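# Prediction below, plus the sequence it came from.
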Amino acid sequence: MTNMTKKELTSIAKSRYLKASRKDRGKMLDEFCGNIGYNRNYAIRILQAGYDNNRVASRGRKPRKNKYDSRTILAAMKIWELLDFPCGQRLQPMLEPMVKSLSAHGELNLPPEIINRLKTISAKTLDRRLKKEREQRRLKRSRGATRHGSLLKSAIPIRITNWDTNQIGFMEMDTVAHNGGDPSGEFIYSLDMVEIFSGWSEQYAVMGKGEKNVTKAIDDIKNDLPYDLLGLDSDSGGEFVNWHMVRYCEKNKLFFTRSRPDRKNDNAYVEQKNNTHVRRWLGYGRYDTPRQLTAMNDLYRNELRLFNNFFRPVMKIICKEKINNSVCRKKYDRAKTPYQRLIESKQISNRQKQKLTEIYLSLNPVKLKNSIDQKIKKIRAMQTYKINVPTDGGKLTFLND
């Protein structure tokens with residue numbers, strides 16, 4: 001029985017109940033409670049003449065007391081800001097490990113009651129309480145600069161099926177142009193690569209989209225990976241679809257595929273990282289000097305690489321369900337960092353897991369983030385010229401603030 005039906009039955013029964021005798025009221029209550037399922041004492045109360053059955057509609061519901069006070073939300077907000085503003089589903093699983101990590105390094109000092117509340121707060125509550133802050137931290141997307149390669153398209157297979165997300169070692173790759181809206185001349189590109197199983201990501205700055213430079217950057221990234229690289233997938237840009245890349249993949253026994261032209265969803269894993277792992281940090285200005293290139297790689301290959309892979313959580317889609325042939329309902333797993341997914345996997349050796357764990361325990365996320373912010377400030381100060389695009393704001397303050 002719906003709530004609307006219950007309200008209608010209550011309204012009809014109330015008019016009869018008020019006119020009935022004491023004996024008849026008892027019989028009416030038995031019938032009313034049997035049909036509608038209410039407790040007898042509650043039924044007597046709502047059928048009284050002085051009870052306003054439309055109170056909720058006229059006055060609204062009595063506000064519920066907040067379970068999580070401002071101190072709890074402020075603590076969650078600091079971690080949310082440190083992790084670069086993830087959604088509630090990604091933020092909630094990271095609250096407890098981040099509190100432990102920050103406390104161990106002396107960056108955060110919370111009383112036990114707030115720590116306990118952070119363990120029980122839900123992802124939807126986080127999204128609701130952080131909604132106003134999220135509205136003030138938006139970025140616009142820039143135009144891409146992909147040019148389709150004209151060679152070897154028949155030699156490089158198109159991947160039209162979904163990835164096997166249970167196997168480690170397959171990476172999608174793309175380039176992000178830092179031209180400030182002016183595609184003329186030579187400027188810097190960020191090579192962005194992401195591993196499908198764990199979400200492990202790598203970035204590398206190259207001058208232009210020359211075949212040799214891009215191939216060398218991929219090889220440098222390959223040598224730093226904590227797992228064996230098995231395959232690469234790219235769009236149809238000329239920086240990837242060329243003989244240098246084909247020979248490199250053949251030499252290193254890598255499975256090389258490409259996506260369909262003008263189908264960004266074929267490279268969905270890396271496309272989203274172009275925004276969260278490149279644009280949000282470096283913005284949309286122009287970078288085109290060797291000095292800027294050195295500074296960007298100093299950031300990419302040190303602090304930013306560690307922060308993204310050891311502390312920023314990612315979610316994986318478990319299944320998709322189409323409802324009424326229009327709405328697609330997606331179910332995600334629990335958010336985990338790429339480091340956590342690699343540690344839980346049986347596909348990498350215990351020696352490599354131990355090495356990753358030692359790196360994780362040695363890292364202070366606040367110092368990493370502060371170092372990243374300082375380097376980004378210097379890099380942005382070196383921009384050839386800027387374009388007017390809003391950037392994220394906020395300043396991190398932790399212990400005793």
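Here it is on my side, so go on. On a predicted model such as this, the values are computed, not experimentally measured, just so you know. Residues are numbered from 1 along each chain as shown.
# use CA for all of it now, contacts and neighbours both
Noted.
# For Asp127, which non-adjacent residue is closest in space?
In space, and not counting its chain neighbours, Asp127 is closest to Gly88: 5.1 Å by C-alpha to C-alpha, 6 or more residues apart in numbering.
# what's near enough to touch the one you found?
Neighbouring residues of Gly88 by C-alpha atoms under 8 Å, 6 or more residues apart in numbering: Ser122, Ala123, Lys124, Thr125, Leu126, Asp127.
# Against Tyr68, how distant is the fourth one?
Distance check for Thr125 against Tyr68: by C-alpha to C-alpha, to the nearest Å, it reads 9 Å.
# Same check on the first one?
Separation of Ser122 from Tyr68 (C-alpha to C-alpha) stands at 11 Å.
# In a strand, Tyr204, correct?
Yes: judged by DSSP: H, G, I helix; E, B strand; the rest coil, Tyr204 forms part of a strand.
# Check which helix or strand the closest residue to it other than its chain neighbours maps to.
Leaving aside its sequence neighbours, Tyr204 sits nearest to Leu191 (C-alpha to C-alpha, 6+ apart; 5.0 Å). Taking DSSP states H and E as the criterion, Leu191 maps to strand 188-195.
# and that strand, what does it pack onto?
strand 170-178, strand 201-207, helix 268-274 (3 or more C-alpha pairs under 8 Å, 6 or more residues apart in numbering; DSSP states H and E).
# Tabulate the CA atom coordinates of the first one in CSV.
Coordinates of the C-alpha atoms in strand 170-178 are reproduced here as CSV (Å, rounded to 0.1, in the frame of the first residue of the first chain):
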residue,chain,number,x,y,z
PHE,A,170,47.8,-3.1,-20.7
MET,A,171,47.9,0.7,-21.0
GLU,A,172,46.0,3.3,-22.9
MET,A,173,47.9,6.4,-24.0
ASP,A,174,47.2,9.9,-25.3
THR,A,175,48.8,13.3,-25.7
VAL,A,176,47.6,16.7,-24.2
ALA,A,177,48.5,19.8,-26.1
HIS,A,178,49.9,22.8,-24.1
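# which residues in the chain form strands?
170-178, 188-195, 201-207, 231-234, 255-258, 317-323, 327-332 (DSSP state E).
# Could you pull up the mean pLDDT of the fifth one?
Looking back up the chat, that one is strand 255-258. Confidence for strand 255-258, expressed as mean pLDDT, is 86.
# low pLDDT regions in this structure?
Scanning the chain for pLDDT under 70 picks out 56-61, 137-164, 262-264, 325-326, 386-401.
# Chain neighbours aside, what residue packs nearest to Ala205?
Take Ala205 and drop its neighbours on the chain: the residue closest to it by C-alpha to C-alpha, 6+ apart is Ser190, 4.4 Å away.
# make that Tyr339, sorry
Phe310 (5.2 Å).
# What is the neighbour count of that neighbour?
Counted with other C-alpha atoms under 10 Å, residues neighbouring Phe310 total 21.
# Relative to Val270, how far out is Phe170?
Taken as C-alpha to C-alpha, the span from Phe170 to Val270 is 12 Å.
# Which of these two has more residues huddled nearby?
Val270 (27 against 22).
# Please give me every residue in contact with that one.
Val270 touches Glu172, Met173, Asp174, Asp192, Met193, Val194, counting by C-alpha under 8 Å, 6+ apart.
# Can you show me the helices along the stretch 51-200 of the chain?
55-59, 70-82, 88-104, 112-120, 123-129, 131-135 (DSSP state H, counting those that start in this stretch).
# List just the one of the helices and strands packed on strand 188-195 that sits closest to Leu47.
helix 268-274 (57.0 Å; C-alpha to C-alpha).
# In that closest one, which residues are buried?
Tyr269, Val270, Glu271, Lys273, Asn274 (16 or more other C-alpha atoms under 10 Å).
# Please report phi then psi for the spatially most central residue of the chain.
Closest to where the C-alpha atoms of the chain average out (C-alpha atoms, centre = their mean) is Pro86, at 4.8 Å. Main-chain dihedrals, Pro86, degrees, to the nearest 10: phi -70, psi 170.
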